[in-house]
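Student: Predicted coordinates and the sequence they were generated for:
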Amino acid sequence: MSTMMEELSSPMVNSSSNGSGGTPGKEQQAAVLLRLRALIMSLPRVTLFLRCCIYSWTLSLGVKLEKLCRN
């Protein structure tokens with residue numbers, strides 16, 4: 001148990017051959033966290049985009065229905 005705590009509290013050691021630093025487990029965890037962050041940051045933009053598309057679609061549908069009702 002103490003070795004696990006020492007590993008977590010110790011600074012990252014350069015164990016990779018490419019010189020990027022960190023252990024493969026920590027690099028993989030960082031990549032997953034980065035992907036999650038990107039996903040979370042993109043959700044408001046996607047929601048806004050979909051709202052704009054739905055709004056424009058319903059607006060154009062309303063205009064078409066209004067033209068049909070006038071005739």
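Tutor: All right, it came through fine. Residues are numbered from 1 along each chain as shown.

Student: can you give me the helices for this protein?
Tutor: Assigned by DSSP state H, the chain shows helices spanning 2-9, 24-70.

Student: Lowest average pLDDT across those helices?
Tutor: By mean pLDDT, the lowest-scoring of those turns out to be helix 2-9, with a mean of 50.

Student: For the helices of the chain, could you give me CSV that also reports mean neighbour count?
Tutor: No exception for glycine: its C-beta is placed from N, CA and C like everyone else's. Formatted as CSV, the helices of the chain follow (neighbours: other CB atoms under 10 Å):
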stretch, mean neighbour count
helix 2-9, 8
helix 24-70, 10
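
Student: Can you give me the distance of Trp57 to Leu65?
Tutor: According to CB to CB, to the nearest Å, Trp57 and Leu65 sit 12 Å apart.

Student: Next: Cys52.
Tutor: Going from Cys52 to Leu65 by CB to CB gives 20 Å.

Student: ok, now Thr23?
Tutor: 62 Å.

Student: same thing with Ile40?
Tutor: Applying CB to CB, the value for Ile40 to Leu65 is 38 Å.

Student: Also Arg37?
Tutor: Arg37 is 43 Å from Leu65, by CB to CB.

Student: repeat for Lys26
Tutor: Lys26 is 58 Å from Leu65, by CB to CB.
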